[in-house]
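K.L.:
here you go, sequence then predicted model.
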Amino acid sequence: MSDRPNGGQEGSAGDRRASDGIQLPMRRREMMATSAGALASLALYACGAGEGDTTRSAAGGATSAPDCVLTPEQEEGPFYIDFAQVRQDIVEDRRGVPLALTVAVVDSNTCKPIRNAAVDVWHCDALGVYSGEPSEGSAGKTYLRGIQLTDGNGQAEFATIYPGQYPGRTTHIHVKVHIGGQRGNGTYSGGRVSHTGQLFTSDRHDAEVFALAPYNRNPAELTPRNADFIFRDQHGSSSELTLAPVGANLARDGFTAKVTLGVDPSASAA
């Protein structure tokens, strides 16, 4: 299921945008039904920690849930492309507030970091536009997409920008975790998807960022997390990013963002 109307496909010509991303359409009301995968994710596998406990994540910083839990599945969302490009810096020519993203992947059954898991991320730019989609006016573009393999600590790191928003959705980053594939010639292939979800920022940081250029050119009204049906209905609090400013100048220095995902490496996500 997509977090966009009509299964993620654009409808009328009025929904289309110019490739410069300046003209942002009003997308139709997003689908409100919770996916079967999200419902199935209600069964969490804890490893010796209570649901409300606060622990320190493998990526560093405090988290609101223990590391050793199966992170609930969420909708894949719009515009996934099997880009398969292994790269740390996914910014390309996109302007925005720098975001140093660290995703830690741990085994929800053993609590141990998972090495060589492929963390696959994609998100929209500051004006709410995704790359690689004719309906977004961005056919052939590859910005803000990439894969990194986790190291011995289960961590994968990306250099990106703080995502923008589009009507009906709060700020988010899409993520898949692939297990058992192979890296070769700068690409990743094979394996299986063991997690599909989304990573969420905070309303406070959204307000700070969206006051800055080029986000302040985005005509979409800010959507708070609790008004976002995926965050609200599909356990978005399980995949909140821990954000910290890097320096005094937010526009120049940006944030670090960290999250831990608990996955079952033997499972295949819906």
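P.N.:
Okay, I see it.

K.L.:
tell me the contacts of the spatially most central residue of the chain?
P.N.:
The centroid of the chain falls nearest to Ile173 when counting by CA atoms, centre = their mean (2.1 Å). For Ile173, the contacting residues are 101, 121-123, 160, 163, 198-199, 241, by CB atoms under 8 Å, 6 or more residues apart in numbering. Backbone N, C-alpha and C define where each C-beta goes, glycine included.

K.L.:
mind listing what's buried in stretch 238-249?
P.N.:
Buried positions in stretch 238-249, judged by neighbour count with 16 or more other CB atoms under 10 Å: 238-243.

K.L.:
now the strands for the stretch 151-270 of the chain?
P.N.:
In the stretch 151-270 of the chain, the strands defined using DSSP state E, counting those that start in this stretch lie at 155-161, 172-179, 182-184, 187-189, 192-200, 242-245, 255-263.

K.L.:
the ones you listed: which one's closest to Asn226?
P.N.:
strand 192-200 (10.9 Å; CB to CB).

K.L.:
how far out from the middle of the chain is the closest one?
P.N.:
8 Å (CA atoms, centre = their mean, to the nearest Å).

K.L.:
show me where the stretch 1-150 of the chain dips below the pLDDT cut-off.
P.N.:
1-67 (pLDDT under 70).

K.L.:
all helices of it, in order?
P.N.:
Under the criterion DSSP state H, counting those that start in this stretch, helices of the stretch 1-150 of the chain are mapped to 36-40.

K.L.:
now do the strands in it.
P.N.:
Using DSSP E, counting those that start in this stretch, strands in the stretch 1-150 of the chain cover 55-56, 62-63, 98-107, 118-122, 145-149.

K.L.:
who are the packing partners of the third one?
P.N.:
In terms of contact count using 3 or more CB pairs under 8 Å, 6 or more residues apart in numbering; DSSP states H and E, strand 98-107 is assigned the packing partners strand 118-122, strand 155-161, strand 172-179, strand 255-263.

K.L.:
one more: the fourth one?
P.N.:
Counting by 3+ CB pairs under 8 Å, 6+ apart, the packing neighbours recorded for strand 118-122 are strand 98-107, strand 145-149, strand 155-161, strand 172-179.

K.L.:
residues contacting the third one, please?
P.N.:
The reference is to strand 155-161. Outside strand 155-161, the residues that reach it (CB under 8 Å, 6+ apart) are 58-59, 88-91, 94-105, 113, 117, 119, 121, 123, 125-126, 144, 146, 148-150, 173, 254.

K.L.:
if I look at the residue nearest to the centre of the chain, how far off is Ser266?
P.N.:
With distances taken as CB to CB, to the nearest Å, Ile173 is found 25 Å from Ser266.

K.L.:
report the spatially nearest residue to Phe158, omitting neighbours in sequence.
P.N.:
Leu101 (4.4 Å; CB to CB, 6 or more residues apart in numbering).

K.L.:
now for the one you found, how many residues are close by?
P.N.:
27 (other CB atoms under 10 Å).

K.L.:
please apply the same query to Phe229.
P.N.:
The burial count for Phe229: 19, using other CB under 10 Å.

K.L.:
just the buried ones from the contacts of strand 155-161?
P.N.:
Buried, going by 16+ other CB under 10 Å: 58-59, 90-91, 94, 96-105, 113, 117, 119, 121, 123, 125-126, 144, 146, 148-150, 173, 254, out of those.

K.L.:
is the residue nearest to Phe158 in contact with His123, as I believe?
P.N.:
No: assessed by CB atoms under 8 Å, Leu101 is found out of contact with His123, at 9.7 Å.

K.L.:
want to throw the buried residues of stretch 238-249 into TSV with pLDDT and distance to Leu70?
P.N.:
Shown next, in TSV, are these (pLDDT from 0 to 100; distance: CB to CB, whole Å):
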residue	pLDDT	distance to Leu70
Ser238	94	9
Ser239	95	12
Glu240	97	16
Leu241	98	19
Thr242	97	20
Leu243	98	24
